[in-house]
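Peer 1: Output the structure for:
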Amino acid sequence: MTNRLYYGDNLEVLREHIADASVDLIYLDPPFNSNAGYNVLFHQPTGAATEASIEAFDDTWKWGEASKHALLDIAGGTNQPLKVMMEAMHSGIGENPMMAYLAMMAVRLVELHRVLKDTGSLYLHCDPTASHYLKLVLDAVFGAENFINEIAWKRSDAHNDSRQGARHFGRVHDTIFFYTKTKDYGWNTQHLPLPTKTADSWYRNVDENGRRYNKADLTAAKPGGNVSYGWPIKREEGGSVWLADLEDEYKNPKAGWVYQQVPPPVGRYWAYSVENMRSMSQQGRLVYSGTGRPYMKRYLDESQGVAIQDWWDDISMLRGISNDGERLGYPTQKPRALLERIIAASSNPGDTVLDPFCGCGTAVDAAQKLGRQWIGIDVTHLAIGMIEDRMRSGYPGIEFETIGVPKDLASAERLAADDKHQFQQWACWHVGGYPRDKKGGDKGVDGWFNYLTDDGKIAQGVISVKGGEHLNPGMVRDLGRVMERDKHQFGLFITAALPTKGVRDEIESHPLVETQWGRFPAMQVVTIAQFFYGPKPALPPLISPTKKAARVETRVSHQKGSQGELL
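Peer 2: You can find the predicted model right below:
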């Protein structure tokens, strides 16, 4: 299966493109019904993540036709428990934003259940805003018997918002619901290293080779075969150390030795067969108490650690611009370590991981790193562009297919005509830049691109997208004034139509900029047709907007005279 990235409504994508029982693991981090808007923050040339932002998604919901159609879909489906559950919720909650949110989620969970293999698992990430309702919907879709865990992820440190008047306990954790499709699901136990305090208190014994061990109980509460035997031991008269007798010396006892058979304690049984006990003895894995009771040596250096429980406080939230460059500025971005744990526990290399609300792509990034196939879906070109950039910069040479984005001139023109805002997002990402929030005007600036300067730093150029309107000389002059005001050396227009002679003359009135990589026009224009057929405008080497300047300086190297392709 080819790794795939889909632009579009995940409900439509699931129904049209994802086959029944084709996915091994689903992770979804949907909107939480938080009644808030969330912005992506892009790094400035200084490395700061301020000012340059654009709304990633608006997590507000309204009851309307889409909500009604979702409930009608459920009513016409075959899942009777879900029908009853949604009818009860509709009756009890009413027609309000919460019900709209639950209807949206329920109809999608039905499709996610369909595409999941019988051996597959689903993890739904949410918070207390709607987790109690989502649990009921999940029970109806997957069956309450297939609920496995409610995982609490401690996502932040203690909140001191009581100083601002908060009248509640600090809200510091998210909830992750873990469900399976059947009881025959895949599972790989995950471990954490033993805490030092635990190792010191448990592994207090040291053998003749200097290896630390503890004494593990060799008994069990329930029998499993012939496990009531007496275990033969012996020690030298007057000695204190017991040894296993594997030669059946009871028939021919040796003088000077004390012999004994140790039964399991009353009400308990040996946990191992006599053959396994003999094998452990021959390997030197048994140690005896003063009374002769055997124990197994459990070595510290062989410990897998502590099996992970359902309280996860060892994975920290992403803070600011993280030192390893992981944080991309996406508002709801989760740590990759969180997704790696989930993927490692509930899938194997080669399995397929699906994230239907993939945002900036942390799940697909983790899946790629761990050798899984992946499918990501998102409804904004902003998210799709960030993921494409993230995967190509993080995994050079990676191959994946992006579906739903313009692939030719006709589809690009349709997007420009149908949705100006999404076209601007797509166009800015397509040329290696990033879009700006359109709240408030700034003389036609629709985005920026970052490029490398002669001294190895990052500078910023401006983008103006005119997908549905003709470019005129006044627009060029306006952008030129913005460039002069904000000290941008380079500007780029993206247009649907060929520029007129007046526009070309105005653009050519701007100078050429001399750099160590060559001379470049301060202002250029590229048409949508040039996206696909060329020629491509050239600029100094472009830098991903999700990378910090400090990291880029050590990773980008260009020879004098080369050009950084913009497209």
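
Peer 1: So which other helices or strands are in contact with the helix or strand hosting Gln530?
Peer 2: Here Gln530, judged by DSSP states H and E, is contained in helix 528-533. Other elements packing on helix 528-533 under the criterion 3 or more Cβ pairs under 8 Å, 6 or more residues apart in numbering; DSSP states H and E are helix 409-418, helix 420-430. C-betas here are computed from N, CA, C, even on glycine.

Peer 1: one more time with 7 Å, if that's ok
Peer 2: Secondary-structure packing of helix 528-533 (3 or more Cβ pairs under 7 Å, 6 or more residues apart in numbering; DSSP states H and E): helix 409-418.

Peer 1: what separates the helix it packs on from the chain centre, distance-wise?
Peer 2: Its chain's C-alpha centre and that of helix 409-418 lie 31 Å apart, by Cα atoms, centre = their mean, to the nearest Å.

Peer 1: Tell me the buried residues in that helix?
Peer 2: For helix 409-418, the buried set under the neighbour-count rule, 16 or more other Cβ atoms under 10 Å, comprises Leu409, Ala412, Glu413, Leu415, Ala416.

Peer 1: can you put these in TSV and add pLDDT and distance to Val482?
Peer 2: Below are the buried residues of helix 409-418 laid out as TSV (pLDDT from 0 to 100; distance: Cβ to Cβ, whole Å):
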residue	pLDDT	distance to Val482
Leu409	89	29
Ala412	88	25
Glu413	87	27
Leu415	88	26
Ala416	87	22
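
Peer 1: and which of those residues is nearest to Leu218?
Peer 2: Compare each of those with Leu218 using Cβ to Cβ and the shortest gap goes to Leu415, at 69.2 Å.

Peer 1: where does the chain have low pLDDT?
Peer 2: The chain contains residues with pLDDT under 70 at 1, 32-60, 159-162, 320-325, 437-443, 546-567.

Peer 1: Could you identify the longest helix within it?
Peer 2: Taking DSSP state H as the criterion, the chain has its longest helix at helix 97-115.

Peer 1: gap between that one and the chain center?
Peer 2: Worked out by Cα atoms, centre = their mean, helix 97-115 lies 21 Å from the chain centre.

Peer 1: same deal with stretch 343-352?
Peer 2: With Cα atoms, centre = their mean, you get 13 Å for stretch 343-352.

Peer 1: Would you mind measuring the gap between the ends of it?
Peer 2: Stretch 343-352 has an end-to-end distance of 10 Å (criterion: Cα to Cα, to the nearest Å).

Peer 1: outside of that stretch, which residues touch it?
Peer 2: 1, 22-25, 121, 186-188, 190, 353, 366-367, 370-375 (Cβ atoms under 7 Å, 6 or more residues apart in numbering).

Peer 1: Produce a PyMOL select command limited to the buried residues of these.
Peer 2: Only the buried entries of those go into this PyMOL selection, using 16+ other Cβ under 10 Å:
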select buried, resi 23+24+25+121+186+190+353+366+367+370+372+373+374+375
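
Peer 1: Okay, and which of the contacts of stretch 343-352 map to strands?
Peer 2: Among those, the members found in strands (DSSP state E) are Val23, Asp24, Leu25, Ser121, Val353, Gln373, Trp374, Ile375.

Peer 1: Output stretch 253-263 as CSV, restricted to C-alpha atoms.
Peer 2: Coordinates of each C-alpha in stretch 253-263 appear next as CSV, following Å, rounded to 0.1, in the frame of the first residue of the first chain:
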residue,chain,number,x,y,z
PRO,A,253,23.1,-40.5,50.2
LYS,A,254,26.6,-39.2,50.9
ALA,A,255,28.0,-39.0,54.3
GLY,A,256,28.2,-35.5,55.7
TRP,A,257,25.3,-34.1,53.8
VAL,A,258,21.7,-33.2,54.9
TYR,A,259,18.9,-34.0,52.4
GLN,A,260,15.5,-32.5,52.2
GLN,A,261,12.5,-32.3,49.8
VAL,A,262,10.8,-28.9,49.9
PRO,A,263,7.1,-28.9,49.0
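
Peer 1: which of the residues in it are buried?
Peer 2: So for stretch 253-263, counting by 16+ other Cβ under 10 Å, buried means Val262.

Peer 1: How about residues contacting it?
Peer 2: 230-237, 245, 249-250, 292-294.

Peer 1: how about the helices in the stretch 201-350 of the chain?
Peer 2: In the stretch 201-350 of the chain, the segments counted as helices under DSSP state H, counting those that start in this stretch are 274-282, 336-346.

Peer 1: Also the stretch 451-567 of the chain?
Peer 2: Under DSSP H, counting those that start in this stretch, the stretch 451-567 of the chain gives helices at 473-486, 501-508, 528-533, 549-555.

Peer 1: of all the ones you listed, which lies closest to Ala199?
Peer 2: helix 549-555 (36.2 Å).

Peer 1: coming back round to it: which of the residues in the helix holding Gln530 are classified as buried?
Peer 2: Neighbour-count burial for helix 528-533, counted by 16+ other Cβ under 10 Å, picks out Ile528, Ala529, Gln530, Phe531.

Peer 1: Next: stretch 230-246.
Peer 2: Here stretch 230-246 shows Trp231, Pro232, Ile233, Lys234, Arg235, Trp242, Leu243, Ala244, Asp245 as buried, counting by 16+ other Cβ under 10 Å.

Peer 1: before we move on, the earlier item: can you list the helices of the stretch 451-567 of the chain in a markdown table and add distance to Glu326?
Peer 2: Shown next, in a markdown table, are the helices of the stretch 451-567 of the chain (distance: least, Cβ to Cβ, whole Å):
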| stretch | distance to Glu326 |
| --- | --- |
| helix 473-486 | 29 |
| helix 501-508 | 39 |
| helix 528-533 | 30 |
| helix 549-555 | 11 |
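
Peer 1: what's the closest of the ones you listed to Ile93?
Peer 2: The minimum distance between Ile93 and the helices of the stretch 451-567 of the chain falls on helix 528-533, with 46.1 Å, by Cβ to Cβ.

Peer 1: For that closest one, give me every contacting residue.
Peer 2: Asp408, Leu409, Ala412, Glu413, His430, Ala496, Lys536, Leu567.

Peer 1: Go again with 8 Å.
Peer 2: With Cβ atoms under 8 Å, 6 or more residues apart in numbering as the test, helix 528-533 has contacts from 408-409, 412-413, 416, 427, 430-431, 467, 494-496, 536-537, 567.
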